[in-house]
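Novice: Here is a sequence together with a model predicted from it:
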Amino acid sequence: MALINDTTLRDGEQAPYVAFNTKEKLNIAQLLYESGSDELEVGIPAMGSKEQSDIKEILALNLPIQVMSWNRATMSDLEASLACGIKAVDLSIPVSQTLIDVKFGGDKEKLFRNLEEVVTHAKREGLFVCIGGEDSSRADNKFLKEIMQIGKSFGADRFRYCDTIGTLTPMQTFTNISYLASQELLDIEMHTHNDFGMATANSIAGIEAGATSANTTVIGLGERAGNASFEQVLMSLKHQFNENREINAIKLQELVNSVSIAANKPISSSRPIVGENIFSHESGIHVNGMIKNQNSYEAFEPELVGLSRYFPIGKHSGTSTLAYHLNASGIIPIAQKVQSILPLVREIVTNRKKVLNPQELKELYLCS
């Protein structure tokens, strides 16, 4: 089973104009666990005493899942994590030539020395160590293999493959991860960004290719266009990969709404998995099918994610929708009469840009 390592409280909070207070962080951490996250990445201790205090409070929740911090691969960052009592760390290094030039002046030997020192010390302290390969998607795969070989020799546990600027396609992701996974060096974690709208797809492609975990954020929160979505990856693993996961719909809705409010990021009504209107069927053909069989035009039941099904009375409604609502209003509709008011329903909705409610439909039917 693939692991979800959610980083809403680290990379999610790095989204522009977003800042969580301590109470919000604790609530989000608790809800992430209750909603099905397998691991949490909860912050950057090197940011200072307030961040460290928040991390300590999250650890004090004693959640029965692994809690990780994010660090540059430096001794000072690692010491800040150790001071918090963290037992798992991501140690980030640049792996593309572009970022090695920017951060290490092109000196790969210095990068290797830093990595050895920090990983060795972290393992000596008994930590779970993930090496974060910043900008992996623009790095040479053979160089990534070398990093993973070196990391394994130092005792690292996992390699985080980062599509830092979101340039991959699912096919490219599958090819790259298949190659690295075939080396059987370190477990691979996907960390994908959504600059081209492919973060979740790339995470899933990575898992299909052999990655064992994925970073996510609730509602895809994150830098620039965001990260792979927690709720999308969760439901994909449950329903597309048939993983044995229990999903608490009430907690999932509470989580999504809590993050939305704390981040001041409204949720689109058509957002996959959690959008309010994704189980609303207006097309007459679709409604007719749904009335006969609820599997006709839905991939999963709305109750699984705490939502409800609707048949709005709109421009594209057919006689099946009108009859459905009239029956629910206690009227046994006459087919010819329903057909006769359908053009009027469409005209009203088009002119006022608003669907009819059942009471309006009832009055229209009785007055026609």
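Specialist: Received, thanks.
Novice: Helices of the stretch 151-300 of the chain, start to end?
Specialist: In the stretch 151-300 of the chain, the segments counted as helices under DSSP state H, counting those that start in this stretch are 170-182, 199-209, 230-235, 249-263, 284-292.
Novice: so which of the ones you listed gets nearest residue 41?
Specialist: Evaluated over the helices of the stretch 151-300 of the chain, closeness to residue 41 peaks at helix 230-235, with 11.9 Å, by C-beta to C-beta. For glycine as for every other residue, the C-beta is placed from the backbone atoms N, C-alpha and C.
Novice: Let me see the residues that make contact with the closest one.
Specialist: With C-beta atoms under 8 Å, 6 or more residues apart in numbering as the test, helix 230-235 has contacts from 4, 6, 8, 32, 35-37, 200, 203-204, 214, 216-220, 245, 247, 252, 256, 272-274, 300, 304-305.
Novice: Next step: those restricted to strands.
Specialist: Among the contacts of helix 230-235, DSSP state E puts 4, 6, 214, 216 in strands.
Novice: Pull out the buried members of these.
Specialist: Burial by neighbour count, judged by 16 or more other C-beta atoms under 10 Å, picks out 4, 6, 214, 216 from those.
Novice: how about the residues you listed in JSON lines, adding pLDDT and distance to residue 267?
Specialist: Output for those, formatted as JSON lines (pLDDT from 0 to 100; distance: C-beta to C-beta, whole Å):
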{"residue": "4", "pLDDT": "98", "distance to residue 267": "20"}
{"residue": "6", "pLDDT": "98", "distance to residue 267": "17"}
{"residue": "214", "pLDDT": "98", "distance to residue 267": "21"}
{"residue": "216", "pLDDT": "98", "distance to residue 267": "16"}
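Novice: which pair in the residues you listed spans the largest distance?
Specialist: The largest separation in these, counting by C-beta to C-beta, is between 6 and 214 at 9.3 Å.
Novice: For residue 150, which of the helices of the stretch 151-300 of the chain is the nearest?
Specialist: helix 170-182 (13.9 Å).
Novice: what mean pLDDT would you report for that closest one?
Specialist: Summarised as a single mean, pLDDT over helix 170-182 is 98.
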